[in-house]
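**Q** fold the following.
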Amino acid sequence: MPPETSYSISDNLLRRRTMSMPAMLCMLLALLLQQAWLSTAQTAEVAPVGWRLCNSDEQLVQCGAIPLTRRYRVHRRDCCRLYRPGRFPQTTQAVVAAASVQQASVASTIPRSDLTTDYLTQPNYYLGQTGCPAVLTANTPTFTTGTSYSNFVITGTPIPNLTKAVIQRVKSSIIAGTSLPTDVLNYYNSIRKVNTVNGVSFNHPGAGTGAAELALMRYRVNTSAPVQSAARDSLITGTGVKPKTYVTAAGTWSTPADCPATGYYGPLPMGSVQVRYGGTDATGVICASNYPSTAPPTSCGHISFVELDGQMSYKMALAYHATGDTRYSDQVINIVTTWCNTNTRWGYHYENGPLEAGWGVAAMARALELVRQRAPAGLIQKFTTWVMGPPYTGNIIYNMEYYINLTIAQNRPNQFGNWHTTLGETYMAVGVLSDNINTYNKGVSIFNTVISKYLRWGKDPYAAGRVLGECSETLRDMYHTQFGLGGLAQMAAIAWDQDDASLYTSNNSAIASMMETHARLTNAWLNSKSIAMLPQNCVYYDSSTFPKPPTGTTWKFDIDTQLWRAYKTIDGSYAGVDLTDGKKYLLGFGFLPTGWETGYNHYAGRLGIPMPETAALIAKSWPEWQEFHWGLGTLSHAQ
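**A** Below you'll find the predicted structure:
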């Protein structure tokens, strides 16, 4: 039996009210018509999962944001069917299990010295400069496990204020010194370039993985360094990468786990991409002729642009630097060129269009930045024009601007989240690629807004019942929270490539506290769903024990209020009932490669900040793979 439910009730329409006979007959007729309508929409191939029966962990994560109103009822039902529990055949489960064993073997047999406390030494960033250096404080939570829950204290670590002048002096000193191998210096000098436009300079490549990281990565791969070799093998062959699998009427289909130098079946450009909530296509969308026949036929816009061409473009760009094989860079150029030449329409701007644009464009912009030296003349300008405008109803920049301007106009509480971090990264990445300071600064502005509002929890006046490092999506699910983290960490890395550390240190290094808190929660889940490792009042979501909603309603998490709220199943309107049992329900667990290695490299590696929870999580989960526009941080940033 579910536990006793606590409610906050502002109306009484659903309970304890006597209904007149005419009203009862009207309601009965409405329910019968609704049931008949739903029945006609059923398909024979799919198990009968309705839009109401959508309360498993994964269904809430993937479909929970779809409105409950009549307009989206069939759409929500289709999403819930796509992510129904128990859908994977045993063969798919066996493949996933085998990949998990491969990944665990790599993580357990190859030592990671950077994940130990011996790694925590702060370099001398001032190189003999006189005077006392300016000092900042990085605040992170430190957890201790109790008998029934974990306590935490805030630890303030003093760190140097790394101004642009300090960073440039240190980088120049290292390059001019004798500590780096000749091969590292030669490759660094061969790929690094500084472009100055209207008095503003940009360092290239500057895609969150700069010339220094690329040169050191290449050297370590070439000298068979164990960590980078394992990460390279994972990228090229897909070893240890759990396949993302979809089940359709035609069978099962998975996104490619590997990164082939030849034989990739893309690009898959589409003249019109129109994506609805949940990643499904609008009616009438035409898939690319080479779209895989067993892939979800109603999600070709999302899958083609994000999970295939966008994701693959960045994998191939990094593979080019890791291997020196120009076939990889040629494929990046082909993917980008084909989309620029084909796509002219984008949407739905009022549903998933802005986010889909950000996911794919961020990956492609960073990929093109990594291979910019091999890009044909005019391609960077063509890509920039395709993405950034001029805006008209139905192109990419219109979708992005629509969402950003909409949230500013609405000014809802807790509205800033993973969509904003993805779009912010997109602006910054395109700004660097095109040497456009205005586009770049728009991304920085989005970062500054998000970091102060998205991560305000655990601080006065938002400290009660929250842990420093929680974000506005923590109680929604860990899946989308990691999306938000990935965008923030990669924006900070892009700024670091431009000799700017201020995004990393913003708000007392808020990204570091976000990493530690959510690493702790994930470590608890990975440790047999330990309750004692969770902060007070946190519990794991379980649909079988979750409090039942009032009759005629269903629960939905509300970002604005940070509460589970009851919505009427008859029309999707708010029922005036909130779940107020004092528990913080956690769901959507599982490691995603969203900035963990990149952030850890900066905070623990460059600054010496203790990050024990993040280190423990990475130790279980590396090497990182590529997921949408995040990932591959082990290859580019580890050690």
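
**Q** so, low pLDDT: which residues of the stretch 101-250 of the chain?
**A** Residues of the stretch 101-250 of the chain meeting the criterion pLDDT under 70: 127-132.

**Q** that one: strands as residue ranges?
**A** Ranges of strands in the stretch 101-250 of the chain, per DSSP state E, counting those that start in this stretch, are 135-145, 150-160, 193-197, 200-204, 245-248.

**Q** out of the ones you listed, the one nearest residue 421 is which?
**A** Residue 421 lies closest, by CB to CB, to one member of the strands of the stretch 101-250 of the chain: strand 135-145, at 19.8 Å. For glycine as for every other residue, the C-beta is placed from the backbone atoms N, C-alpha and C.

**Q** measure how the closest one sits relative to strand 150-160, angle-wise.
**A** Here strand 135-145 runs at an angle of 160 degrees relative to strand 150-160 (axes from the mean of the first three to the mean of the last three CA atoms, to 10 degrees).

**Q** can you list contacts of strand 135-145?
**A** Strand 135-145 is contacted from outside by 150-161, 458, 467-469, 505, 508-509, 512-513, 516-517, 520, 532-533, 535, 603, 607, 609-611, 613, using CB atoms under 8 Å, 6 or more residues apart in numbering.

**Q** can I get the helix or strand containing residue 387 as CSV, trimmed to CA atoms?
**A** For residue 387, the enclosing helix or strand under DSSP states H and E is helix 379-388. Only the C-alpha atoms of helix 379-388 are listed here, as CSV (Å, rounded to 0.1, in the frame of the first residue of the first chain):
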residue,chain,number,x,y,z
LEU,A,379,32.2,26.9,-44.9
ILE,A,380,32.4,28.6,-41.5
GLN,A,381,30.6,31.6,-42.9
LYS,A,382,28.0,29.4,-44.5
PHE,A,383,27.4,27.5,-41.3
THR,A,384,27.2,30.7,-39.3
THR,A,385,24.6,32.2,-41.7
TRP,A,386,22.6,29.0,-41.7
VAL,A,387,22.4,29.0,-37.9
MET,A,388,22.4,32.6,-36.9
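
**Q** tell me how far that helix lies from the chain's centre.
**A** Put simply, helix 379-388 sits 24 Å off its chain's centre (CA atoms, centre = their mean, to the nearest Å).

**Q** now it: buried residues?
**A** Across helix 379-388, burial judged by 16 or more other CB atoms under 10 Å covers 379-380, 383-384, 386-388.

**Q** stretch 547-567 now?
**A** By 16+ other CB under 10 Å, the buried positions in stretch 547-567 come out as 547, 549-550, 552-559, 562, 564-567.

**Q** what's the answer for stretch 63-72, then?
**A** Buried, per 16+ other CB under 10 Å, within stretch 63-72: 63-66, 68, 72.

**Q** outside of that stretch, which residues touch it?
**A** Contacts for stretch 63-72 (CB under 8 Å, 6+ apart): 51, 54, 75-76, 79-80, 83, 277-278, 476-477, 554, 556-557, 567, 569, 571-573.

**Q** and residue 609, which of the three is it?
**A** Recorded secondary structure, residue 609: coil (DSSP: H, G, I helix; E, B strand; the rest coil).

**Q** residue 508 is in contact with that one, correct?
**A** No - between residue 609 and residue 508 there is no contact under CB atoms under 8 Å: 11.1 Å.

**Q** which one of the two has more residues nearby?
**A** residue 609 (23 against 19; other CB atoms under 10 Å).

**Q** residue contacts, that one?
**A** 120, 138, 140, 157, 159, 509, 512, 603.

**Q** chain neighbours aside, what residue packs nearest to it?
**A** Nearest non-adjacent residue to residue 609, counting by CB to CB, 6 or more residues apart in numbering: residue 603, 4.5 Å away.
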